[in-house]
Every structure is written in structure tokens, then in C-alpha cells.
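Chemist: just need the structure, nothing else, for what follows:
(one chain, ligands or ions: 2)
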Amino acid sequence: MSRIKSARVIITCPGRNFVTLLIETSDGVTGLGDATLNGRELAVASYLSEHVVPMLIGRDAHRIEDVWQFLYKGAYWRRGPVTMAAIAAVDMALWDIKGKVAGLPLYQLLGGASREGCMVYGHANGRDIEETIDNALHYKEQGYRAIRLQSGVPGLAATYGVSKDRYFYEPADADLPTESLWSTEKYMRSVPPLFQKARDALGWDVHLLHDVHHRCTPIEAGRLGKELEPFRLFWLEDATPAENQAAFRVIRQHTTTPLAVGEVFNTIWDAKQLIEEQLIDYIRMTVVHGGGITHLRRVASLADLYQVRTGCHGATDLSPVCMAAALHFGLSVPNFGIQEYMRHTDETDAVFPHAYRLADGMLHPGDAPGLGVTIDEALAARYEYKRAYLPVARLEDGTVFSW
Ligand SMILES: O=C(O)C(=O)C[C@H](O)[C@H](O)CO
Ligand SMILES: [Mg+2]
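Modeler: Ligands and ions are numbered 1, 2, ... in the order given. I've put the predicted structure just below:
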């Protein structure tokens, strides 16, 4: 029997923090799991090191479901981003090990490939509409079939989701949270012109997406979705905060623009009503924050019953380990929709060499056994943890607001 001999947490910061769990079995097989939770990394690292790792030692490494149930139900305190990111990391590492022992890429263990590759969307952004569209044209020239557009809002000094860099975007920007002002009115005036000009410049053979980052009320989101209908968006993301899943009924009553939500969800319960009432079209949960491969498969299976497709989160604060796991999952799952792909920096890719490759607007996980990703521990050790927080939004009158 292949028992868990050791498990350790590796924290590295090649430009941004990543938390990785490395499990080794009695047969010397290792597996990796991403445990990164942007802005709360040490909470997950501690949850793993202090509370989970001691329980793993000696367990059968192949009993993935049993370990998952033990960690979820055995904790008593269920759900939440810290708990589920820790469980996800264990789950990813055990699936990685199982693939390596079988000599198969993970997607083969999940039922094999259901498609040739995973269509991705890139992030085009800019300080104004012209710069954003110029960036989008660049992505189209590179063969991207789908592009997310985020543009600065006239009258606002900074807009979350709009990078200062053409390619790379790092939302955690300071040792203590920066505060940025928000105006929904100014924002809503700026979005329809962005997509009008985008369609004029990019045409109709590329999918366009947009992320609201929870900054509209349901009725505002309904109006925005309706105003964007002529531009046929692939999706409007995080239109309103989703703790109240029923709020999406209001949006649905007013618009046919497809809706995506879920990157901040961590269990199926966060999405159950949204899926069962078909209040959304895409579920954004991904492997690291959604409880691992084992749990995300359950979410995808429920979603499939209601014609809801996957659209896994794939920002740069999810490590290449999570990206690899999401691609194995996405290649196999029947109701795949799209995979977000914010390219990691060369620094990060050097710490996490991986098999996944981009071609023709699609990512493929590759055919290396397991996840097909490794960690260069010596290089990782050279990048010390550096505390960094996501910003906090306030309205112009000072009220703390959603984002
Ligand atoms: O990638 C997206 O859609 C995002 O919304 C990025 C998130 O804000 C980011 O991952 C938070 O850490
Ligand atoms: Mg988002």
C-alpha cells in the first residue's frame, strides 16, 4: 500500500505569494497541490501545517475520496475559503500521485479527453477605451478566441481589474490594503461605449467577456446586461454579490446577457440555487478554492443537469499547479465552457515548470503523468513571502463597498 510518508507546505513569492502542498508517499512518489488564497496565504499554510498534515501521515494515498470526506466532515467547521483551499491542496496532490502511479495524465483518470483543448480567454485592459481595444487587438492577433475587456472608468483614479501592465495583472498591491474609490454611475456610463467600439474594432468572430466584480446591485446589473445585449457578450461576470443567490432572479428578469459567477465560492452549496434555477450560465469555481478535483467534479455534474457550463477562474494568484489541475478537469468534463488564462510571469513559470501549452487559442494540459507540473524548490526558496493585500473599495462618500 502506498502510504503518505510526509507532507509539507512551500511558500514562495516569485513576484506574488503562492502556497503549495507537497505530499510524498512511502514509494517515493510526490504530488503537488495549490493552496494559494490571495491576501490570506498564511492562514491556509497554517491550517495545512498545524491541523491537516498531522492527520495525513500514514494514510493510504490512494483513498482520495475518503481523505476528502475525513477532512471536510471531520473538521466539524465546514466550508469557507481557508478550509476548502486546504482540502483542495490535499486533493490535488493525491490526484497528482494517483496519475503518476498509473503513468497517466490526470485527465485520463477523469474519463479521458472530451475535446481537443480548453478554449481560453485573455485579459485585455487599458486606462481608456482606446488602450483597451488596442490591447484586445493584440490578443486577437495572437489567436485568442475570447477576450475579456476591462477599461478605466472616466472620473475614477483607479479601477480594480485594470492592470497597469499590458499582460500581467497582480491585484494584491500593497503591504496593507489600498483603498480605491468607486462610482457605479460613472462605471455604468462607460461600459456600453467600450463594447460598441470593441465590436466595431474586433468584429464578431471573437468572444467578448466582462467582469463587474460584484459592483452592481441586482437591478443595476439587469440594466447593464440589457444595455450590453446588442454586443452579444459571452458572459457578464460577478454582476452582483452572490451570497443571496436569489438576487440573480432580478437580473435574469431583465436581460439575456449570459451570467457567470463563482470564483469566490468554495462549496457546491454556494452555487446550488443559482444552478438549479438556471440563474447563471457559467460557474466560475476552480480547483484551488472549490475543494479540489473531487468536489469540483460534483459541481460540474450538478451544473450539467441544468445546462450550466464551467468557466474556471484562472487569475495569476492561482498557481500553475491549479492551472494544470483545472486544465485536466476542463479537458475531460462534458460541460466545459471556457478557461480563464492570465499568463503567469516568467519568474513564476520558472518556479513551477509545467506541461500545459497554449496553441490556437486553447490550452492543453499535456500528457505528463499526473498534473504535469513540478516545483523547483531551490528556486522557490529564493523568493521570500511578502505580505500583500487585495485593495478595498469605497464609494465616493467613503462607504465601504463590494468588489
Ligand atoms: O480573474 C478574475 O476574474 C478576477 O476577478 C481576479 C480576482 O479579482 C483575483 O483573482 C482575486 O485575487
Ligand atoms: Mg472575476
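Chemist: what domains does the record give for the protein?
Modeler: 4-106, 109-367 (automatic domain parsing).
Chemist: let me have those domains in CSV, extended by mean pLDDT and mean neighbour count.
Modeler: Glycine gets a C-beta too; all of them are placed from N, C-alpha and C. Shown next, in CSV, are the domains of the chain (pLDDT from 0 to 100; neighbours: other CB atoms under 10 Å):
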stretch, mean pLDDT, mean neighbour count
domain 4-106, 98, 20
domain 109-367, 96, 20
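Chemist: where does the closest residue in space to residue 13 that isn't next to it in sequence fall, phi/psi-wise?
Modeler: Spatial nearest neighbour of residue 13, chain neighbours left out: residue 383 (4.4 Å); criterion: CB to CB, 6 or more residues apart in numbering. Torsion angles at residue 383 (phi, psi; degrees, to the nearest 10) stand at phi -110, psi 100.
Chemist: what does stretch 7-16 contact?
Modeler: Here stretch 7-16 makes contact (CB atoms under 8 Å, 6 or more residues apart in numbering) with 17-24, 35, 41-42, 45, 48-49, 52-53, 56-57, 90, 93, 170, 172, 316-317, 345, 347-348, 350-351, 375, 377, 379-381, 383-386, 388.
Chemist: let me know whether it sits next to ligand 1.
Modeler: No: under the criterion of CB under 6 Å from any ligand atom, ligand 1 is not reached by stretch 7-16; the shortest gap measures 9.5 Å.
Chemist: residues in contact with residue 119?
Modeler: Contacts of residue 119 by CB under 8 Å, 6+ apart are 145-146, 338-339, 361-362.
Chemist: residue 143 now?
Modeler: 359-361.
Chemist: quick one: which of those is nearest to residue 214?
Modeler: residue 361 (28.0 Å; CB to CB).
Chemist: from residue 195, how far out is that closest one?
Modeler: With distances taken as CB to CB, to the nearest Å, residue 361 is found 20 Å from residue 195.
Chemist: ok, which residues in the protein are in contact with ligand 1?
Modeler: 38, 171, 211, 213, 263, 313, 315, 317, 340, 390.
Chemist: and those as JSON lines, adding secondary structure?
Modeler: Supplementary listing: the residues of the chain next to ligand 1 in JSON lines, determined by DSSP: H, G, I helix; E, B strand; the rest coil:
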{"residue": "38", "secondary structure": "coil"}
{"residue": "171", "secondary structure": "coil"}
{"residue": "211", "secondary structure": "strand"}
{"residue": "213", "secondary structure": "coil"}
{"residue": "263", "secondary structure": "coil"}
{"residue": "313", "secondary structure": "coil"}
{"residue": "315", "secondary structure": "coil"}
{"residue": "317", "secondary structure": "coil"}
{"residue": "340", "secondary structure": "strand"}
{"residue": "390", "secondary structure": "coil"}
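Chemist: all strands for the stretch 1-150 of the chain, in order.
Modeler: 4-12, 18-25, 30-34, 118-126, 146-151 (DSSP state E, counting those that start in this stretch).
Chemist: ok, the stretch 151-300 of the chain next?
Modeler: Using DSSP E, counting those that start in this stretch, strands in the stretch 151-300 of the chain cover 179-182, 207-211, 235-237, 259-261, 282-283.
Chemist: the longest one pairs with which strands?
Modeler: Sheet pairing of strand 207-211 (DSSP bridges) gives strand 146-151 (parallel), strand 235-237 (parallel).
Chemist: thinking again about what came up before, and the domains of the chain: which comes nearest residue 398?
Modeler: Per CB to CB, nearest to residue 398 of these: domain 109-367, 8.8 Å.
Chemist: mind checking the end-to-end distance for that closest one?
Modeler: End-to-end distance of domain 109-367 (CA to CA, to the nearest Å): 12 Å.
Chemist: now do stretch 329-340
Modeler: Note: stretch 329-340 ends 13 Å apart using CA to CA.
Chemist: so residue 280 makes contact with residue 265?
Modeler: No: Residue 280 is beyond contact range of residue 265, at 10.9 Å (criterion: CB atoms under 8 Å).
Chemist: quick check: closest non-adjacent residue to whichever residue of the stretch 301-403 of the chain sits closest to ligand 1.
Modeler: Going by CB to the nearest ligand atom, ligand 1 is nearest to residue 315 of the stretch 301-403 of the chain, at 3.4 Å. Counting by CB to CB, 6+ apart, the nearest residue to residue 315 once its immediate chain neighbours are dropped is residue 342, at 5.1 Å.
Chemist: now swap in residue 360 and tell me
Modeler: residue 143 (5.6 Å).
Chemist: for residue 324, see how far away the one you found is.
Modeler: 21 Å.
Chemist: and for residue 337?
Modeler: 19 Å.
Chemist: could you do residue 126 as well?
Modeler: From residue 126 to residue 324 the distance is 30 Å (CB to CB).
Chemist: residue 265 now?
Modeler: Distance from residue 265 to residue 324, by CB to CB: 21 Å.
Chemist: and for residue 235?
Modeler: According to CB to CB, residue 235 stands 24 Å off from residue 324.
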